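A predicted structure for the sequence below; I have some questions about it.
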Amino acid sequence: MSTTTPTDLFLSLTPHKVIEAVEAAGVHCNRVCYPLNSFENRVYEVEREDRTRVIAKFYRPGRWTREQILEEHRFLAELADAEIPVCPTRPFPDGETLKQIDHIPYCLFERMGGRAPDELGDELFVRLGRLAARIHNVGAASAAEHRVRLSADTYAREDLGWLVERKLIPAPVERRYLAAARAVADAAEERLRGVDVHRIHGDLHPGNLLLRDGALRVLDFDDMVVGPAVQDLWLLLPGRDEAARQQRELFIEGYEELRRFDRSTLGLIEPLRGLRMIHYAAWIARRWHDPIFPRTFPHCGTEAYWREEASSLEEVLQLTRDGDTGGPGGGADEPPPSGGKYFWDLN
């Protein structure tokens, strides 16, 4: 599906190279490493000589600039300094946090135990609201000059231009899909106008939470963006039913203990949902040359797939025009458009 030249497939990243990269950080290893789930990047758990583990993250070449990655690392360091439970990078002996091996940028993290929460209860929604507010207080304290700004251009129009240029949308559905996608982009641009933006996590879904013995930690700031606070709410709570509304109220209740939440931005939930769907579809297409993508998403790229995407965007557009703020959309038990796609990492 993608015509991208495959220069970002980590072909030289053998287990030996992973160990070599970790030992360059002054970490003596047992020559044992395990790959962890990651589509966009490559992540390994490496065993030290004392049998403890360290995490090595190798960024997909060409995706981020060095400056953008370092802004992610600085944000993590600022959050850790504020005693917010994140996983900051582990400095190399020279104090830097980013190195390269065979032109692949990489960094290290200490291994943090735990797992994604099986279920988000009422108490946890309030805690998550407080945690998001603390992250946003730090995020608003300084700028990120090089990171992507979440907008209709960066999360939709640029992707649509790329898809059209490569003729990746089947002709029978192209006009319908593009009409819906462009209308969603226009609606998002209109509603984002004048909204306060600052550094946010950007991809704060339940899979990026770690819970252990009651302690909650936020992972994976790879998709950190400059955007509206509500982006870090709706991905945690993507549903449209009354239960989701009540859960959002609990989140906002916790959030407003530490930071004001602009409730008018709840009207951004549907447009932001649509932007993510467009961005996500283009992400899969851009990575189709990576063998893991056709194996994992075999339905993507077919005419039926693009029809489903067009239908989902049309639903988003209708709810946006109806003034919906993320409420009921087809029944309490119906999942959001494209279902679990919100929980596949773009990392």
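All right, it came through fine.

low-confidence ranges in this structure?
The model of the chain has pLDDT under 70 over residues 1-7, 324-347.

if we go to 80?
Within the chain, the stretches with pLDDT under 80 are 1-7, 113-114, 116, 118-120, 323-347.

what domains does the record give for it?
Split into domains by automatic domain parsing, the chain comes to 16-25+32-110, 122-343.

Distance from the chain centre to the shortest one, please.
Taking Cα atoms, centre = their mean, to the nearest Å, the mean C-alpha location of domain 16-25+32-110 is offset from the chain mean by 17 Å.

same question, the longest one
Here domain 122-343 is found 9 Å from its chain centre; the criterion is Cα atoms, centre = their mean.

what about the helices in the stretch 101-250 of the chain?
122-139, 158-165, 171-192, 231-234, 242-255 (DSSP state H, counting those that start in this stretch).

Can you tell me which of these is most buried?
Of all these, helix 231-234 carries the top mean neighbour count, a mean of 25, counting by mean count of other Cβ atoms under 10 Å. Backbone N, C-alpha and C define where each C-beta goes, glycine included.

Go ahead and produce CSV holding the CA coordinates of it.
C-alpha atoms of helix 231-234 as CSV (Å, rounded to 0.1, in the frame of the first residue of the first chain):
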residue,chain,number,x,y,z
GLN,A,231,-7.0,15.5,24.0
ASP,A,232,-5.7,13.9,27.2
LEU,A,233,-9.2,13.3,28.4
TRP,A,234,-11.1,11.8,25.4
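
and it, what does it pack onto?
In terms of contacts (3 or more Cβ pairs under 8 Å, 6 or more residues apart in numbering; DSSP states H and E), helix 231-234 is packed against helix 122-139, helix 242-255, helix 269-286.

Tabulate these in a markdown table, adding columns for distance to Pro93.
Formatted as a markdown table, the helices and strands packed on helix 231-234 follow (distance: least, Cβ to Cβ, whole Å):
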| stretch | distance to Pro93 |
| --- | --- |
| helix 122-139 | 27 |
| helix 242-255 | 40 |
| helix 269-286 | 35 |
